[in-house]
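Participant: here is a sequence together with a model predicted from it:
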Amino acid sequence: MHPLSFSHQSVPVFKMRALQLLVLLLSGLVGAQQQALMDYLERRLLAIEDRISLWHEQTSRYASELREFKQQMVAQLEGLDKNKEALRSELDTVGTRVDRVEREMDYLETQNGAQPCVDVDDKLVEQQVTVVKERNKAKYAKLTDCSDMISTIKAMKILKRVGGAKGMWTKDIGSATGKVYILNGTEDNTMYEFGTVREFTSSQGTSAANSVQLPSAWRGMGHAIYNNHLYYLKQGEEMKLIKFDLQKNIAVDSTVFPAKNQLPVYGLNPETFIDLAVDEEGLWAIYATQENERHISLAKIDHKTLDIEQMWDTPCVRENAEAAFVICGTIYVVYNSKLPSRSRIQCVFDVSDMVTNDDAPHVYFPKRYGTHASLKYNPVEQLLYAWDDGYQILYKLQMKKKLDV
Ligand SMILES: *[C@@H]1O[C@H](CO)[C@@H](O)[C@H](O)[C@H]1NC(C)=O
């Protein structure tokens with residue numbers, strides 16, 4: 001039988017079948033599409049997940065690498081720190097070595113060049129010394145039994161800067177007041193008085209000072225203050241020493257220094273013609289004359305009358321000398337060079353013959369800006385009051401006994 005011959009009664013069944021099939025087909029198609037979409041999305045998600053996990057991995061690797069790097073850096077920095085420390089300590093030792101070499105160079109320079117103290121020919125020195133001794137036959141009558149000599153400079157303290165390149169400052173020696181005096185410049189007639197060193201250091205400039213007017217201007221930096229009196233050389237051609245009473249504010253005495261044809265005492269400080277010094281024995285004058293023009297002379301002065309008690313020619317040359325002071329009857333001459341180097345004691349002369357130049361230690365001052373314009377010894381404190389380019393400096397001295405050398 002022909003399928004089409006099936007009568008109309010089978011038509012609805014067929015229709016239904018076809019519809020069902022269509023729905024099925026369609027739904028199958030939709031399902032397949034959905035599946036593909038799902039698959040696609042899944043793949044994409046997987047890929048994204050993969051990538052995310054890759055990133056994750058990479059970031060954590062970077063993080064750990066960074067951490068490692070940081071650790072390495074820290075370790076290296078620590079190493080550098082240690083190296084720096086080592087370098088610094090090495091530099092320190094090199095520094096002290098350079099210092100020592102410098103000192104030795106200085107010393108050698110003065111030994112080989114123009115020698116302020118040690119003459120080229122030893123015999124010459126011996127002759128000179130014997131001449132000096134003959135001339136000073138009359139033994140100096142010591143007033144005290146002090147027998148100290150310098151061993152070294154123990155400490156330095158820069159207190160202040162008032163005034164110009166040249167000047168002098170000191171404490172009143174031999175009086176209980178402890179007053180401090182500033183004589184600024186090489187020719188002036190106004191000095192400044194402070195109650196104590198502390199008052200001086202804590203005040204602005206010279207504002208807190210009591211200014212003292214002198215009857216005449218001074219000359220150079222060689223003044224001394226002893227027992228409430230100022231001793232100074234007056235401006236002018238004649239070498240006139242003035243004794244000024246600091247309590248009454250009047251000049252109480254004066255005298256013309258008896259040396260003829262005087263010269264500046266120190267080659268490096270030509271303004272000073274007479275340098276007055278105070279030690280345990282009293283007042284001294286350090287000076288130079290044309291008769292003995294290469295060398296420095298020394299005189300003991302009676303501080304009460306200004307009379308000269310005794311005079312000596314020292315073997316210490318004037319050339320390259322910058323200052324001097326007296327301790328227990330021994331003069332110490334301090335030398336430097338025209339281009340300021342390190343100040344050093346390089347010539348010593350003892351009026352009682354207990355210390356010779358050979359025994360004397362070569363004492364070096366700590367390195368400074370310039371050169372000393374003046375050095376004043378205070379026997380009570382065993383301090384040197386120094387003026388260096390306007391700076392007021394204290395040097396603490398270490399002493400030893402003359403006979404111990
Ligand atoms: C100190 O003296 C110098 C000149 O030598 C001068 O220029 C200066 O003003 C003076 N200072 C004081 C505080 O008197």
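Facilitator: Arrived safely.

Participant: contacting residues around the closest residue to Ile225 other than its chain neighbours?
Facilitator: Leaving aside its sequence neighbours, Ile225 sits nearest to Asp172 (Cβ to Cβ, 6 or more residues apart in numbering; 4.9 Å). C-betas here are computed from N, CA, C, even on glycine. Asp172 is in contact with 178-181, 225-228, 246, counting by Cβ atoms under 8 Å, 6 or more residues apart in numbering.

Participant: what of Val94?
Facilitator: No contacts exist for Val94 under Cβ under 8 Å, 6+ apart.

Participant: am I right that it sits in a helix?
Facilitator: Yes. Using DSSP: H, G, I helix; E, B strand; the rest coil, the assignment for Val94 is a helix.

Participant: which helix or strand contains Lys84?
Facilitator: Assigned by DSSP states H and E, Lys84 belongs to helix 11-112.

Participant: and if you look at Tyr377?
Facilitator: Using DSSP H and E, Tyr377 falls in strand 372-378.

Participant: partners of that strand, with directions?
Facilitator: Here strand 372-378 is paired, per DSSP bridges, with strand 383-388 (antiparallel).

Participant: which other helices and strands does the helix or strand following the strand it pairs with contact?
Facilitator: Remark: after strand 383-388, the chain's next helix or strand is strand 391-401, criterion DSSP H and E. Packing contacts for strand 391-401, counted by 3 or more Cβ pairs under 8 Å, 6 or more residues apart in numbering; DSSP states H and E, involve strand 148-161, strand 383-388.

Participant: so which of those is the most surrounded?
Facilitator: strand 383-388 (a mean of 25; mean count of other Cβ atoms under 10 Å).

Participant: all strands of the stretch 301-405 of the chain, in order?
Facilitator: Using DSSP state E, counting those that start in this stretch, the strands of the stretch 301-405 of the chain run over 308-317, 321-327, 330-335, 344-350, 363-364, 372-378, 383-388, 391-401.

Participant: of those strands, give the one that comes closest to Leu91.
Facilitator: strand 363-364 (22.2 Å; Cβ to Cβ).

Participant: returning to that earlier point: could the strands of the stretch 301-405 of the chain go into TSV alongside distance to the ligand?
Facilitator: Output for the strands of the stretch 301-405 of the chain, formatted as TSV (distance: least, Cβ to the nearest ligand atom, whole Å):
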stretch	distance to the ligand
strand 308-317	28
strand 321-327	17
strand 330-335	22
strand 344-350	26
strand 363-364	28
strand 372-378	10
strand 383-388	11
strand 391-401	12
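
Participant: domain ranges for this structure?
Facilitator: Domain assignment for the chain, taken from automatic domain parsing, gives 9-109, 135-404.

Participant: that older thread, how far away is the residue nearest to Ile225 from Leu306?
Facilitator: 18 Å (Cβ to Cβ, to the nearest Å).

Participant: quick revisit: out of the strands of the stretch 301-405 of the chain, flag the one nearest Leu268.
Facilitator: It's strand 321-327; of the strands of the stretch 301-405 of the chain, that one is closest to Leu268 (Cβ to Cβ) at 4.2 Å.

Participant: and that closest one, what does it pack onto?
Facilitator: Secondary elements touching strand 321-327 (3+ Cβ pairs under 8 Å, 6+ apart): strand 148-161, strand 275-279, strand 282-289, strand 295-301, strand 330-335, strand 372-378.

Participant: if we go to 7 Å?
Facilitator: strand 148-161, strand 275-279, strand 330-335, strand 372-378 (3 or more Cβ pairs under 7 Å, 6 or more residues apart in numbering; DSSP states H and E).

Participant: of all the ones you listed, which lies closest to Lys396?
Facilitator: Evaluated over the helices and strands packed on strand 321-327, closeness to Lys396 peaks at strand 148-161, with 4.3 Å, by Cβ to Cβ.

Participant: for the closest one, give me every contacting residue.
Facilitator: 200-201, 327-328, 330, 332, 345, 355, 361, 363, 365-366, 390-402 (Cβ atoms under 7 Å, 6 or more residues apart in numbering).

Participant: before we move on, back to that, which of the domains of the chain sits most buried?
Facilitator: By mean count of other Cβ under 10 Å, these have domain 135-404 as the most buried, with a mean of 18.

Participant: ok, Arg198 to the ligand distance?
Facilitator: Separation of Arg198 from the ligand (Cβ to the nearest ligand atom, to the nearest Å): 19 Å.

Participant: quick one: that residue is in a strand?
Facilitator: No. Under the criterion used here (three-state DSSP), Arg198 is helix, not part of a strand.
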